[in-house]
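Visitor: Whatever this is, show me its structure:
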Amino acid sequence: MTNISRRRFLKFAGGAASAGLLAACAVPAAQPQAANPTAPAEDESKPTEAPQAQGAYQGKFVVMSAGNADQNNDLYKAIEAEHPGVKLEWRGLTSERYTELFAAAEVAGDQIDIMDLNGQDLRRYAVGGKLRDLTDLSYPKDRFREIGLKTYTIKGKLWALPRGGISGFPFLYNKKVLDKIGVTKEPETYTDLLPIAAELKKANIAPFAHAGKNIYLWPIWHFWAHGQTSGNQPTENTFKTLNGAMKFTDPEHVQALEMLAKYADDKMFIEGVNSLDSDGAWLAFSTGRAAFFYEHSWRFGFFRENQDKLPELELSMIAPLRMVDDPNIKRMAPGGTGSATGIYAKIAPEREQVALSILDMMTNDKWVAWANKIALDPVSCNKNVQASDDPLALKYAKECADNQVTYEDWYWPPEITRAFQENQQAVVASSKKPAEAAQAIQKTLEDLYKDGYKFEI
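Guide: Now for the predicted structure:
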């Protein structure tokens, strides 16, 4: 995505989709951040010991966050209580305006201490010298799942700690619809899907709903497909492609685009998919007019909160189907690993120790569990925290989380993201062949090289 994070977009789109259901199902509008759970009980897990800054610094401390200040009010108060004399200022910049407002704050010489980012922005600030290297933190990092630390490590150094939850895009499906046509076993491959799709079409049910009008959501189809065509090395291939060792016209990328074309050519998508927004896609899926829905895992929590008003839906999920012949290739769902929370590179020396202490608190088990509840995360970034005991969350944790592929547009420059969005829509509309789309995307990258673009691993 370019100017708005996928996580933020989905929360917005989710609110819109639920509102669109009001007339049909009387579901109250809800978003993952709509809930505001109470602060965690005092007897929950305690922070790992960190350099204590209490008494060492008195005064203003600034957290510049992509998160809403009101939704973080409990954490805000707890930080101040834990650090007497510190007056916290939580600046909610929003995901879509973070880079703009952060740059303005820097130019104005404003105080900046902790940066709480969407993961897709981490690379920009790490290679740009805006974040402190956290590789040698004095407190243990083994509280985190390895995938979170790996995601926020660039050029061999750790620039931020994962804060929150692991979530992503599985294939959602409506068990009631599959039961209706006699399907009792979950498909694992595209070959398994073909006879199911034929029966669905006979029943006048679309195999897949997708919010194709929302251009931000097309790249996720490439992420899981490239995860398979790359031999489960999509991030490594992405790095090679961006630094010129590979091209978007190489077979791995073209084959991934061909997989998307296969879904379109086999009429797996609901009619008019490129004109369907999130409201329409959710409505079609939740009322039984489509069997599968490629959407974000926050829907698990939303479904549980509203399932009594969704009589046609029995929600379940699977990892994206295998489309390659090799049965050893893992089915990787694309996703992210919470907020990337780090320390500003130019933090004043007198606030360094309190920053380390606050960072430790924000990412400990107690407060990450709290954050997981707000976001309806299926899996926590902290390995000793169970984000949810919902059966769907546990299924996601078992089948998707550890095989997750990081969103490739967390690494792509925004021009490449846009090129994928537009060309994928064209592939689905049959106005471009996959090879032509790949050539157009590669040309965008080559134009960036001419303008001085250089990718740093």
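Visitor: Tell me what the most centrally placed residue in the chain is bridged to.
Guide: With distances taken as CA atoms, centre = their mean, Gly336 lies nearest the centre of the chain, 3.9 Å away. Judged by DSSP bridges, the bridge partners of Gly336 are Ser167.
Visitor: what's in contact with the longest helix along the chain?
Guide: The single longest helix within the chain, with elements called by DSSP state H, is helix 434-450. Outside helix 434-450, the residues within contact range by CB atoms under 8 Å, 6 or more residues apart in numbering are 241-242, 244, 247-249, 253-254, 257-258, 260-261, 413, 415-416, 418-420, 423-424, 426-427, 432, 453. Placement of C-beta: from N, CA and C, glycine included.
Visitor: mean confidence score for it?
Guide: Average pLDDT, helix 434-450: 98.
Visitor: Need phi/psi at Glu186.
Guide: Dihedral pair for Glu186: phi -70, psi 140, per degrees, to the nearest 10.
Visitor: can I assume it is in contact with Ile318?
Guide: Yes: because the distance of 5.3 Å satisfies CB atoms under 8 Å, Glu186 is recorded as touching Ile318.
Visitor: Which one's more surrounded, those two?
Guide: Per other CB atoms under 10 Å, whichever of Glu186 and Ile318 has more neighbours is Ile318, with 19 against 15.
Visitor: And the pLDDT at the more buried one?
Guide: pLDDT recorded at Ile318 is 98.
Visitor: from memory it sits against Pro170, does it?
Guide: Yes: using CB under 8 Å, Ile318 makes contact with Pro170 at a distance of 6.3 Å.
Visitor: who touches both of those two?
Guide: The contact lists of Ile318 and Pro170 share Glu399, where a contact means CB under 8 Å, 6+ apart.
Visitor: Report the next helix or strand after the helix or strand that Gly280 is a member of in sequence order.
Guide: Element membership of Gly280 [criterion: DSSP states H and E] is helix 278-286. Once the chain leaves helix 278-286, the next helix or strand it forms, by DSSP H and E, is strand 290-294.
Visitor: quick one: that following strand to helix 278-286, angle?
Guide: 130 degrees (axes from the mean of the first three to the mean of the last three CA atoms, to 10 degrees).
Visitor: Please save the CA atoms from strand 290-294 in PDB.
Guide: This file holds the C-alpha atoms of strand 290-294, laid out as PDB (Å, rounded to 0.1, in the frame of the first residue of the first chain):
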ATOM      1  CA  ALA A 290     -20.400 -16.400  -2.200                       C
ATOM      2  CA  ALA A 291     -18.600 -19.300  -0.500                       C
ATOM      3  CA  PHE A 292     -15.100 -17.900   0.000                       C
ATOM      4  CA  PHE A 293     -13.900 -14.400   0.900                       C
ATOM      5  CA  TYR A 294     -10.300 -13.200   0.800                       C
END
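Visitor: if you average pLDDT over it, what comes out?
Guide: Mean predicted confidence for strand 290-294 is 98.
Visitor: Please work out which residues outside that strand touch it.
Guide: Contact with strand 290-294 is made by 169, 171-174, 177-178, 196, 200, 205-210, 217, 220-221, 270, 281-282, 284-285, 320, as judged by CB under 8 Å, 6+ apart.
Visitor: what about Ala345, neighbour count?
Guide: 16.
Visitor: low-scoring pLDDT stretches of this structure, where are they?
Guide: Residues of the chain meeting the criterion pLDDT under 70: 1-55, 457.
Visitor: how about the strands in it?
Guide: Using DSSP state E, the strands of the chain run over residues 59-65, 86-92, 114-118, 153-154, 157-158, 161-168, 171-174, 206-209, 290-294, 315-318, 334-343, 379-380, 405-406.
Visitor: Could you chop the protein up by domain?
Guide: Split into domains by automatic domain parsing, the chain comes to 6-31+170-332+413-450, 59-167+337-390.
Visitor: Make CSV from those domains and add distance to Tyr407 to it.
Guide: Putting the domains of the chain into CSV (distance: least, CB to CB, whole Å) gives the following:
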stretch, distance to Tyr407
domain 6-31+170-332+413-450, 6
domain 59-167+337-390, 7
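Visitor: and the gap between Gln233 and Ile329?
Guide: 10 Å (CB to CB, to the nearest Å).
Visitor: Check Lys383 too.
Guide: For Lys383 relative to Ile329 (CB to CB), the value is 26 Å.
Visitor: what does Glu82 give?
Guide: Distance from Glu82 to Ile329, by CB to CB: 47 Å.
Visitor: mind listing what's buried in the longest helix of the chain?
Guide: Pro434, Ala437, Ala438, Gln439, Ala440, Ile441, Gln442, Thr444, Leu445, Leu448 (16 or more other CB atoms under 10 Å).
Visitor: quick one: that helix to chain centroid distance?
Guide: Remark: helix 434-450 is offset 25 Å from the chain centroid, using CA atoms, centre = their mean, to the nearest Å.
Visitor: I'd say Lys240 and Met246 touch.
Guide: Yes: between Lys240 and Met246 there is a contact under CB under 8 Å: 4.2 Å.
Visitor: May I have the residues that are in contact with Ser275?
Guide: Counted by CB under 8 Å, 6+ apart, Ser275 has contacts Gly212, Lys213.
Visitor: again, only this time at 6 Å
Guide: Residues near Ser275 by CB atoms under 6 Å, 6 or more residues apart in numbering: Lys213.
Visitor: distance of it from Ser339?
Guide: 33 Å.
Visitor: just to revisit the earlier point, would you write a PyMOL line that selects the buried entries of the contacts of helix 434-450?
Guide: Remark: buried members of the contacts of helix 434-450, expressed as a PyMOL selection using 16+ other CB under 10 Å:
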select buried, resi 241+242+247+248+249+253+254+257+258+260+261+413+416+418+419+420+423+424+426+427+432
